[in-house]
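In: Below are the sequence and a predicted model for it; my questions follow.
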Amino acid sequence: MNATFWAQLDARIARERGEPTEPAPGVADGPLVADAPSPAARSEASPEPDPETPSRPVADWSQILDTLSAATVAKQAQDQRLHQQSTACETLAADLEAAQQEIRTLRALLEEARAQAARQVHEREAEADRRVREAEARAEAATLRAAAAEDWLKRIEQASRDLLPDGRHAAA
């Protein structure tokens with residue numbers, strides 16, 4: 001707002017109160033000052049305004065007050081909406097944080113389960129390898145024992161042939 005507006009407003013207020021008005025410097029040509037009745041004209045007119053006719057400044061002020069009241073109500077409604085939105089956002093943020101924490105916990109459990117499964121697979125593979133090696137070693141030992149037994153049987157057979165008289169020796 002500029003100085004002209006305030007000077008015009010002061011002139012209106014003074015005119016309504018019946019006080020002599022002095023035009024502000026630079027605004028003497030303003031529309032309200034030119035419209036203002038001269039002090040002589042005011043004395044000729046009725047000293048009090050008609051009570052049934054609302055004065056313009058009162059109407060202007062009531063409109064300003066109505067506008068301010070409406071703006072205040074709108075601001076309060078907006079503040080309430082913003083507060084509700086803020087509360088909803090805080091609730092959602094808390095829910096999001098809880099969900100993220102649960103995800104981190106589940107990921108940790110998953111990694112632990114994977115590690116445990118990997119350890120168990122490794123242990124089972126190691127156990128199976130050990131058993132296979134033992135079985136192979138037993139099979140090898142059995143093969144060696146069988147070969148040794150066969151060799152012994154051949155020697156025993158040969159020795160028993162050597163013990164037989166010569167005639168039978170050839171027949172056998």
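Out: In hand now; what should we look at? Residues are numbered from 1 along each chain as shown.

In: Can you check which helix is longest in the protein?
Out: Assignment by DSSP state H gives helix 56-163 as the longest helix of the chain.

In: For it, what is the distance to the chain centroid?
Out: Offset of helix 56-163 from its chain centre (CA atoms, centre = their mean, to the nearest Å): 23 Å.

In: Quick check: Arg15 vs Ala7, distance?
Out: Distance from Arg15 to Ala7, counting by CB to CB, to the nearest Å: 12 Å. Every C-beta, even on glycine, is put in place using the N, C-alpha and C of the backbone.

In: my bad, should have said Leu96
Out: 58 Å.

In: Those two: which has the busier surroundings?
Out: Higher neighbour count among Leu96 and Ala7: Ala7, with 20 against 10, using other CB atoms under 10 Å.

In: distance of the more buried one from Trp61?
Out: For Ala7, the distance to Trp61 equals 17 Å [CB to CB].

In: And for Ala118?
Out: Taken as CB to CB, the span from Ala118 to Trp61 is 83 Å.

In: again, but for Leu68
Out: Per CB to CB, Leu68 is found 10 Å from Trp61.

In: With neighbour numbers in mind, choose between these two.
Out: Trp61 (13 against 10).

In: so where is the protein shaky, pLDDT-wise?
Out: By pLDDT under 70, the low-scoring segments of the chain are 1, 19-59, 166-172.

In: Summarise which helices and strands the longest helix of the chain is packed against.
Out: Judged by 3 or more CB pairs under 8 Å, 6 or more residues apart in numbering; DSSP states H and E, helix 56-163 is in contact with helix 3-17.

In: Next, the angle from the helix it packs on to helix 56-163.
Out: Interaxial angle, helix 3-17 versus helix 56-163 (axes from the mean of the first three to the mean of the last three CA atoms, to 10 degrees): 130 degrees.

In: For helix 3-17, list every residue counted as buried.
Out: By 16 or more other CB atoms under 10 Å, the buried positions in helix 3-17 come out as Ala7, Gln8, Asp10, Ala11, Arg12, Arg15.

In: Output stretch 128-146 as PDB, nothing but the C-alphas.
Out: Extracted as PDB, the C-alpha positions of stretch 128-146 are listed here (Å, rounded to 0.1, in the frame of the first residue of the first chain):
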ATOM      1  CA  ALA A 128      29.900 -88.500   2.500                       C
ATOM      2  CA  ASP A 129      33.400 -88.100   1.100                       C
ATOM      3  CA  ARG A 130      34.800 -89.600   4.300                       C
ATOM      4  CA  ARG A 131      32.400 -92.600   4.100                       C
ATOM      5  CA  VAL A 132      33.200 -93.000   0.400                       C
ATOM      6  CA  ARG A 133      36.900 -93.000   1.100                       C
ATOM      7  CA  GLU A 134      36.400 -95.500   3.900                       C
ATOM      8  CA  ALA A 135      34.300 -97.700   1.700                       C
ATOM      9  CA  GLU A 136      36.900 -97.500  -1.100                       C
ATOM     10  CA  ALA A 137      39.600 -98.300   1.500                       C
ATOM     11  CA  ARG A 138      37.600-101.300   2.800                       C
ATOM     12  CA  ALA A 139      37.000-102.400  -0.800                       C
ATOM     13  CA  GLU A 140      40.600-102.100  -1.600                       C
ATOM     14  CA  ALA A 141      41.600-103.900   1.500                       C
ATOM     15  CA  ALA A 142      39.000-106.600   0.700                       C
ATOM     16  CA  THR A 143      40.400-106.900  -2.800                       C
ATOM     17  CA  LEU A 144      43.900-107.200  -1.400                       C
ATOM     18  CA  ARG A 145      42.800-109.800   1.100                       C
ATOM     19  CA  ALA A 146      40.900-111.700  -1.600                       C
END
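
In: Cool, thanks, talk later.
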